[in-house]
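> Turn this into a structure:
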Amino acid sequence: MKHRSPAILLLALVAALVLAACGGTPAAQPTTAPAEPPTAAPAAEQPTQAPAATAADPAATEAAPAAPAATDAAPAASESDIRTSSSGFSGTLSYWVLGFTPGNQFAIPMERAVAKFMESNPEIKVEIIGYPPNDEGFTKLNTSVQSGQGVDVLRLPSDRLLAFVAEDLVAPAEDFMSEEDKADYYPNVLDVVRLKDNKAMAWPLWVVPMGMYLNKDVFEEQGVAMPPKDWTWDQFVETAKQLTFARANGEQVYGFSGFIDPGVVNTWGLFMNEDPSVRPVVDGKFGFDSATATAAIQRYADLALVEKVTPPDFGAMADADIKGGFTNKQIAMIVDATGPAAQFQKDGVNFEIYPIPTVNGNNVTIGAVGLIAVVKTDDQARLQAGMDLARYLTSAAVQEDVPPGADTPVGFYLAPGARQSVEVAPPLDNFLPVVEYMYVTPILQNWSQLTRIVHPALQNVIFGQVTAEEAMQQIAPEINELLAEEGQ
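Residues are numbered from 1 along each chain as shown. Below is the predicted model:
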């Protein structure tokens, strides 16, 4: 069935706030999608998130004239031939994908989709290169794009786009969009990426909120009843306590964990739920140093310091270890984006997806709009080919080509799509209710620097080295200086 509700839910959000999270460590080696999809899924490697973003992520006839310049682009292909590039390009496109590890349930759909594109365009080879959704991965991507070599198309979360736009490294996607494309997007979703000359600078792919994953087998093992979906913070903490225990064989089980890294904001909703004023940026200034915010951050850190419901290395755990612990029933609850749902389903995990617990009645989650951007180049045939690939990978057609199946449990779309024509499969529809109150991280050129400053401060609070008030007040001047540079 078609889920059109995000159109209504996003209207107020994306106009005002312009956020893979996304996964484990992708393979360093590039891969090329097979010309034909395999009959059986490759062995699953460490699972990854979807997006952010960012989570989530894996064809020509006779040569045609080179595509016109971006400012004078020809109309995009009609929906009937969306799989066929009009570029006349012959060669290799390098496609960098957030959270991609060959063989996992995030990668298989992307590999299948790219293979379909290459099948329709035999003269175009698409090489997929994965990069992790952390500070190291984004730095590697930035360096490669800035060098002008090795990146043609990239999948990234919305909060990372502005830096590329500011350096004039990506081409305006809107110059290559048909009127049908624009009409198909949910109202105002394109506003998220209209960052220069009022043009969309990337192709919105999907909307990626965070949710809470509950391992129902651990609940059953301990005889703990599933909480109500409108659960409060106190109910969450009490549930996590009941699910923190040692098995008869000595194996320790923990009630909760989540990924904390400079490149992601996965767990921030656990303290932003304190009050609507607890936001990273408020009126152009740092917002986590207020008395309300620091009390909320301390409450969040007390999951480790006081409640003892997290693994001892909470705050520094690798993303793969968190997902692996959840899969192996060593962690009962984790907060994560939409992407892992397909891998957990493939691995036979008995899970359910919940909203972030409320505090004082406040519902909030944090998330992003996942995007596909095309690197600017003077080679107009290459540019058009990249745009054609991006258009196809953000369409409803790709879900038709990569439908739900044995090794693609939810099909291609690992999050609610950014287009009205896209259908999403269960359990991803469980995320739809939280989109209504999703905080979309602001698109700021200095956003990555901001998260790098916040990250060690949060770690120090979680590790009990400083109080939340001390940590946030210490970093406030530096962050406010960054925000002043933004002209916010």
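> hey, let's count contacts and neighbours off CA atoms from now on
Noted.
> Tell me who's in contact with residue 335.
For residue 335, the contact set (C-alpha atoms under 8 Å, 6 or more residues apart in numbering) comprises 210-213, 257-259, 266-267, 356.
> Out of the residues you listed, which comes closest to residue 250?
The shortest gap between residue 250 and any of the contacts of residue 335 belongs to residue 257, at 19.6 Å (C-alpha to C-alpha).
> List phi and psi for the closest one.
The phi and psi torsions at residue 257 (degrees, to the nearest 10) take the values phi -160, psi 170.
> and what of residue 375?
Dihedral angles (degrees, to the nearest 10) for residue 375: phi -70, psi 140.
> Show me how far the longest strand anywhere in the chain is from its chain's centre.
When the chain is parsed with DSSP state E, its longest strand is strand 365-374. On the basis of C-alpha atoms, centre = their mean, to the nearest Å, strand 365-374 is displaced by 6 Å from the centre of the chain it belongs to.
> Let the chain start at 133 from now.
Okay, residue one is now 133; in that scheme the one you just asked about reads as strand 497-506.
> what packs against the next helix or strand after it?
For strand 497-506, the following helix or strand on the C-terminal side (DSSP states H and E) is helix 512-525. Here helix 512-525 touches helix 239-252, strand 335-341, strand 497-506, going by 3 or more C-alpha pairs under 8 Å, 6 or more residues apart in numbering; DSSP states H and E.
> Tell me where the stretch 383-532 of the chain has strands.
Under the criterion DSSP state E, counting those that start in this stretch, the stretch 383-532 of the chain carries strands at the ranges 384-390, 413-414, 417-418, 463-468, 483-486, 497-506.
> For residue 455, find the nearest of these.
strand 463-468 (8.0 Å).
> Please spell out which residues along the closest one are buried.
Of the residues in strand 463-468, 463-468 count as buried by neighbour count, 16 or more other C-alpha atoms under 10 Å.
> Quick check: chain neighbours aside, which residue is closest to residue 365?
residue 489 (5.2 Å; C-alpha to C-alpha, 6 or more residues apart in numbering).
> returning to what we had before: got TSV for the helices and strands packed on helix 512-525, with distance to residue 377, mean neighbour count and mean pLDDT too?
TSV is the format used below for the helices and strands packed on helix 512-525 (distance: least, C-alpha to C-alpha, whole Å; neighbours: other C-alpha atoms under 10 Å; pLDDT from 0 to 100):
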stretch	distance to residue 377	mean neighbour count	mean pLDDT
helix 239-252	34	25	96
strand 335-341	30	31	93
strand 497-506	28	30	93
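> mind checking which of the ones you listed is nearest residue 419?
Nearest of those (C-alpha to C-alpha): strand 497-506, 15.2 Å.
> and that closest one, which strands flank it?
Within its sheet, strand 497-506 is paired with strand 285-289 (antiparallel), strand 335-341 (antiparallel), strand 570-572 (parallel), according to DSSP bridges.
> Low-confidence ranges, this protein, go.
Across the chain, residues meeting the criterion (pLDDT under 70) sit at 133-212, 319-320, 619-620.
> I'd like to check what contacts the host helix or strand of residue 271. Which residues are they?
Using DSSP H and E, residue 271 sits in helix 267-279. Outside helix 267-279, the residues within contact range by C-alpha under 8 Å, 6+ apart are 228, 263-264, 282-283, 301, 393-395, 507, 584.
> picking up where we left off before, let me have the helices and strands packed on helix 512-525 in CSV, extended by distance to residue 601.
Putting the helices and strands packed on helix 512-525 into CSV (distance: least, C-alpha to C-alpha, whole Å) gives the following:
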stretch, distance to residue 601
helix 239-252, 41
strand 335-341, 28
strand 497-506, 22
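> The residue nearest to residue 347 when sequence neighbours are not counted: neighbour count?
Counting by C-alpha to C-alpha, 6+ apart, residue 347 lies nearest to residue 483, which is 4.5 Å off, once chain neighbours are set aside. Neighbour count for residue 483, taken as other C-alpha atoms under 10 Å: 20.
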